[in-house]
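Q: quick one, what's the 3D model for this:
(one chain, ligands or ions: 2)
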Amino acid sequence: MSHNPTHIAFIGGGNMASAIIGGLIRQGMTTAQITVVEPFAETAAKLHKDFGITALPAAGPALAQASLVVWAVKPQVFSEAATPVKAHTLQALHLSVAAGIRTDSIGSWLGTERVVRSMPNTPALVGQGMTALYPCPAVTADDKALVEKVIGTTGQFLWVNQESHLDAVTALSGSGPAYVFFFLEAMTEAGVGMGLTAEQAYQLAVATFAGASSLAAASSESAEVLRQRVTSKGGTTYAAITAMEAAGVKPAFVKAMQAAEQRARELGDEFGKA
Ligand SMILES: NC(=O)C1=CN([C@@H]2O[C@H](COP(=O)(O)OP(=O)(O)OC[C@H]3O[C@@H](n4cnc5c(N)ncnc54)[C@H](O)[C@@H]3O)[C@@H](O)[C@H]2O)C=CC1
Ligand SMILES: O=C(O)[C@@H]1CCC=N1
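A: Ligands and ions are numbered 1, 2, ... in the order given. Sure, this is the predicted structure:
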């Protein structure tokens with residue numbers, strides 16, 4: 001990316017913006033090519049410490065140099081954040097990472113139809129993110145290539161061709177790291193209950209998730225087959241899976257993801273109007 005004259009602006013400089021900025025800098029983009037609007041002084045100080053970037057406390061004419069604007073604010077403040085930015089970025093391509101907020105809202109706030117909506121996740125912080133992207137019809141092949149270049153610095157990506165699918169993606173991979181951390185907490189607690197130290201239990205749990213995920217990614221077998229290979233007849237895994245089935249873990253999981261998908265839709269309805 002070092003030979004690319006692209007200038008990228010970030011509106012909001014928190015967790016997700018930092019994950020993407022980190023990826024861009026790792027790939028050779030310079031801080032002079034990046035403008036960040038971040039009103040919260042403590043977060044601005046962190047951007048300076050981590051990346052040497054001096055964030056703007058408010059939107060201004062400097063945004064006009066950006067060919068891409070990344071929207072990394074909470075859904076609740078998107079419309080308010082858009083108002084002072086709009087006049088400076090009418091020529092830019094816009095990429096939103098906000099949960100729930102739909103492209104028709106974003107397009108009307110920003111006066112453009114060149115909008116890509118996306119859903120990344122926090123493993124982007126370590127280059128292992130999974131992002132889904134949805135392009136509005138006005139988004140060109142060059143626009144898509146630019147977005148792929150930027151998001152590609154944070155991990156894997158895929159395009160979906162129905163905007164509503166991004167709410168499903170939010171429930172699956174957007175919120176998904178939290179489900180994994182929840183399981184890590186539960187497995188660690190259980191291990192401690194069986195006499196292991198918290199450090200031992202946590203190391204075992206984290207390495208098991210990482211190892212099983214790598215095995216699934218490398219294998220042509222389904223998750224079901226991989227699970228069956230662990231499950232010896234009359235053995236320990238069978239006892240555990242039987243207990244999980246009796247406790248209704250799978251239907252509870254389906255319900256949890258449906259709640260997340262529903263909440264994404266509500267965020268779009270609630271905060272997409274103004
Ligand atoms: N954290 C996560 O796992 C994921 C978050 N997202 C989405 O990313 C977006 C940002 O989330 P995070 O980075 O986690 O939140 P965050 O709170 O870390 O970052 C948002 C930043 O926006 C700043 N901000 C507030 N008002 C502003 C304004 N008017 N103009 C410019 N900046 C303003 C805040 O000071 C804050 O630093 C949200 O819309 C969320 O739905 C998407 C995928 C995963
Ligand atoms: O919890 C949220 O609303 C955001 C979107 C996906 C992950 N975090």
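Q: grab the nearest non-local neighbour of residue 122.
A: Distance criterion CB to CB, 6 or more residues apart in numbering; nearest residue to residue 122, sequence neighbours excluded, is residue 177 at 5.3 Å. Placement of C-beta: from N, CA and C, glycine included.
Q: what helix or strand is the one you found on?
A: helix 176-193 (DSSP states H and E).
Q: list the buried ones in that helix?
A: For helix 176-193, the neighbour count (16 or more other CB atoms under 10 Å) marks 176-177, 184, 187-188, 191 as buried.
Q: what is the nearest of those to ligand 1?
A: residue 177 (6.7 Å; CB to the nearest ligand atom).
Q: who's in contact with the closest one?
A: 121-123 (CB atoms under 8 Å, 6 or more residues apart in numbering).
Q: near ligand 1, which residues of the stretch 1-150 of the chain show up?
A: Contact residues, the stretch 1-150 of the chain versus ligand 1 (CB under 6 Å from any ligand atom): 11-16, 37-40, 43, 72-75, 77, 80-81, 97-99, 119-122.
Q: gap between residue 47 and residue 85?
A: To residue 85, residue 47 is 18 Å away according to CB to CB, to the nearest Å.
Q: which secondary structure element is home to the closest residue to ligand 2 within the stretch 1-150 of the chain?
A: Nearest residue of the stretch 1-150 of the chain to ligand 2: residue 99, at 3.8 Å (CB to the nearest ligand atom). Assessed by DSSP H and E, residue 99 sits outside every helix and strand.
Q: with only the CA atoms kept, save the helix holding residue 177 in PDB.
A: Output in PDB follows, covering the C-alpha atoms of helix 176-193 (Å, rounded to 0.1, in the frame of the first residue of the first chain):
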ATOM      1  CA  GLY A 176     -19.100 -14.400  17.800                       C
ATOM      2  CA  PRO A 177     -15.700 -13.700  19.500                       C
ATOM      3  CA  ALA A 178     -17.700 -13.000  22.700                       C
ATOM      4  CA  TYR A 179     -19.300 -16.400  22.500                       C
ATOM      5  CA  VAL A 180     -15.900 -18.000  22.300                       C
ATOM      6  CA  PHE A 181     -14.700 -15.900  25.200                       C
ATOM      7  CA  PHE A 182     -17.800 -17.000  27.100                       C
ATOM      8  CA  PHE A 183     -16.900 -20.600  26.500                       C
ATOM      9  CA  LEU A 184     -13.300 -19.900  27.500                       C
ATOM     10  CA  GLU A 185     -14.600 -18.500  30.800                       C
ATOM     11  CA  ALA A 186     -16.900 -21.500  31.400                       C
ATOM     12  CA  MET A 187     -14.200 -24.000  30.500                       C
ATOM     13  CA  THR A 188     -11.700 -22.300  32.800                       C
ATOM     14  CA  GLU A 189     -14.100 -22.100  35.700                       C
ATOM     15  CA  ALA A 190     -14.900 -25.800  35.300                       C
ATOM     16  CA  GLY A 191     -11.200 -26.700  35.100                       C
ATOM     17  CA  VAL A 192     -10.600 -24.800  38.300                       C
ATOM     18  CA  GLY A 193     -13.500 -26.600  39.900                       C
END
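Q: need the contact partners of stretch 82-95.
A: Here stretch 82-95 has contacts from 9, 11, 37, 58-61, 63-64, 66-71, 106, 109-112, 114-116, 118, 139, 143, 146-147, 150-151, using CB under 8 Å, 6+ apart.
Q: try stretch 142-158
A: The contact list for stretch 142-158 (CB under 8 Å, 6+ apart) reads 1, 4, 6, 8, 19-20, 22-24, 26-27, 67-68, 70, 93, 95, 114, 116, 118, 120, 123-124, 127-133, 135, 159.
Q: neighbours of the closest residue to residue 63 other than its chain neighbours, how many?
A: Leaving out its chain neighbours, the residue that sits closest to residue 63 by CB to CB, 6+ apart is residue 88, at 4.0 Å. Residue neighbour count, defined by other CB atoms under 10 Å, stands at 18 for residue 88.
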